[in-house]
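K.L.:
for reference, the sequence and a predicted model appear below.
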Amino acid sequence: MQTTTAPAADSGRSARLKLSHVEPWSVTKMSFVVSVALMVVSVVAVTVFWLVMQITGVWGALNDSVSNVLADDASGFDITEYLGFGRVVGLTLLVSALNVIFMTALATIAAHLYNLAAGILGGIELTFGERK
């Protein structure tokens, strides 16, 4: 009986392509969706963080520390008047909404700038290959 060896596996096909244009509208849509997702994550994270601080008694400990430093128990300092849940979440929503606007605008401007640079320099050459 004679054994034969299989031929060596080819490295696969590859394609060299050039990224010469990025559609600004698709970049705008994608950056908007990603920014809104980050907004939701930020609001949820800040909400959970504030609630954990409330449950673990950090706000009370801060109130006690500030009252001891000021040595004026009559004033009744309460940090949650300044860092209340509504105020913190509202500020997070405001900053996140501004982030959505700015990041969407910056991504769109970056797409236009890339198209200008690609028109002058020729774009980015990419090589795609099959998985091994």
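P.N.:
Done, it's in. For clarity, every value in this text was computed on a predicted model and none was experimentally measured.
K.L.:
list the contacts of the residue most central in space within the chain.
P.N.:
Geometric centre of the chain, nearest residue: Leu38, 4.9 Å, by C-alpha atoms, centre = their mean. When the contact criterion is C-beta atoms under 8 Å, 6 or more residues apart in numbering, the partners of Leu38 are 96, 99. Bear in mind the C-beta positions are built from the backbone N, C-alpha and C, glycine included.
K.L.:
separation between it and Trp50?
P.N.:
18 Å (C-beta to C-beta, to the nearest Å).
K.L.:
how about Ser65?
P.N.:
18 Å.
K.L.:
neighbour-wise, which of these two wins?
P.N.:
Between Ser65 and Trp50, counting by other C-beta atoms under 10 Å, Trp50 is the more crowded of the two (20 against 12).
K.L.:
same question for stretch 98-117: list its buried residues.
P.N.:
Residues of stretch 98-117 classed as buried: 100, 103-104, 107-108, 111, 114-115 (neighbour count, 16 or more other C-beta atoms under 10 Å).
K.L.:
show me the residues you listed that map onto helices.
P.N.:
If you go by DSSP state H, the buried residues of stretch 98-117 have 100, 103-104, 107-108, 111, 114-115 in helices.
K.L.:
tell me which helix or strand of the chain sits lowest on mean pLDDT?
P.N.:
helix 58-70 (a mean of 83; mean pLDDT, DSSP states H and E).
K.L.:
and the closest residue to Arg16 other than its chain neighbours, what element?
P.N.:
Using C-beta to C-beta, 6 or more residues apart in numbering and skipping residues adjacent in sequence, the residue nearest Arg16 is Thr127, 5.0 Å away. Assigned by DSSP states H and E, Thr127 belongs to strand 124-129.
K.L.:
okay, now Thr28: neighbour count?
P.N.:
By other C-beta under 10 Å, neighbour count at Thr28 equals 15.
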